[in-house]
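Enquirer: The sequence isn't on hand, but the structure is:
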Ligand code: TXA
Ligand code: MG
């Protein structure tokens, strides 16, 4: 599937909407973003309202190029410039000490700001046409699955007048498929806040120093439960060697299974719904949310995911599956 070529008329419309303080869904290489003018407090507040997201949760500021780092951050370490040079435009978010330009509504009142320069042609065109920075979380309702197609955004949020968004740009399916790697460079040591397609090892190779594993991108406010990346259907991840016995134990339920084709073929009883999972990590990540959206729509009682292989290129995938499992645990 080729991505639709950038439609400059739609981009110009979207830039006008943003200048008026409106909300635009825009494809990025990771997932669709729900974008607003990062310098317009009311517009950023509208993002939170549309998502149903708690107000103290920071949003990422998307910029056109690395020269914007100094507009949004202060005391920028060399490590930030090295990572931007290596991975921007691309699926990497840098958390840095904020400049006065970064509004409280964007940073969640923290002293840091998350910055990312996206690589997707539609996102780049929109940033160019708009001429400023865009605050954009993923374009889903808070706690639900991230969107990797315009259809996912339409189903979750919709367009006005019935929906929450002023405009949804359709740039096809997102090629990376899982959210950006987030690295915190605001402290003494670089720390990985969220794994993504750019691995910790790749960051360490550029930095020449270890990157600490942090507790994921759980909110920093302690004691708050975050339900993130979850389908509505309870989901469990099962080791491949126990898949058959687990499915046998769930025989009384309507189960939707995501597993590699050879694993599905080896099952003694065929599940009610099955989807074959790609064998390589890049394709698995690209299809992950679309697969979970589809399994979630299968009106199953349970989604069972065959645990993918381990290894650095699978870390971010395991992270998203674990979150989905934790947030959707049968109650
Ligand atoms: O790939 C992505 O990063 C996508 C696309 C749209 O760019 N965006 C995305 O945004 O995933 P969101 O809001 O769904 O997740 C951003 C994460 C949140 O968990 C938030 O806590 C964290 O980034 N974050 C943002 N600013 C931060 C900051 N200053 N300090 C710590 N974490 C921050
Ligand atoms: Mg999100």
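Expert: Sure, I can see it. Values in this document were obtained by computation on a predicted structure and should not be read as measured data. Ligands and ions are numbered 1, 2, ... in the order given.
Enquirer: How about stretch 90-104, which residues are buried there?
Expert: Buried residues in stretch 90-104, counted by 16 or more other C-beta atoms under 10 Å: 90-98, 101-103. Backbone N, C-alpha and C define where each C-beta goes, glycine included.
Enquirer: Repeat that for stretch 70-77.
Expert: Buried residues in stretch 70-77, counting neighbours by 16+ other C-beta under 10 Å, are found at 72-73, 76-77.
Enquirer: from the chain's centre, how far out does it sit?
Expert: Mean-position distance between stretch 70-77 and its chain equals 24 Å (C-alpha atoms, centre = their mean, to the nearest Å).
Enquirer: The residue nearest the centre of the chain in helix, strand or coil?
Expert: For the chain, the residue sitting closest to the mean C-alpha position, by C-alpha atoms, centre = their mean, is residue 179 at 2.9 Å. At residue 179 the chain is in coil, as set by DSSP: H, G, I helix; E, B strand; the rest coil.
Enquirer: ok, back up a step: could you dump the buried residues of stretch 90-104 into TSV with pLDDT added?
Expert: Putting those into TSV (pLDDT from 0 to 100) gives the following:
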residue	pLDDT
90	98
91	98
92	98
93	98
94	98
95	98
96	98
97	98
98	98
101	98
102	98
103	98
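Enquirer: returning to that earlier point: for the residue nearest to the centre of the chain, which residues are in contact?
Expert: Applying C-beta atoms under 8 Å, 6 or more residues apart in numbering to residue 179 gives the contacts 30-31, 91, 138, 146, 194, 196.
Enquirer: got it, and residue 247?
Expert: Applying C-beta under 8 Å, 6+ apart, we find residue 247 in contact with 255, 257, 267, 269, 271, 304.
Enquirer: Identify the bridge partners of residue 95.
Expert: Following DSSP bridges, residue 95 is listed with bridge partners residue 114, residue 184.
Enquirer: Next one: it relative to residue 114, how far apart?
Expert: To residue 114, residue 95 is 5 Å away according to C-beta to C-beta, to the nearest Å.
Enquirer: what about this structure, any weak spots by pLDDT?
Expert: Where the chain drops to pLDDT under 70, the residues are 1-2, 215-228, 329-331.
Enquirer: show me where it has strands.
Expert: Ranges of strands in the chain, per DSSP state E, are 24-27, 32-37, 61-62, 92-97, 112-116, 134-135, 167-168, 181-184, 191-194, 212-213, 235-238, 255-259, 273-276, 302-306.
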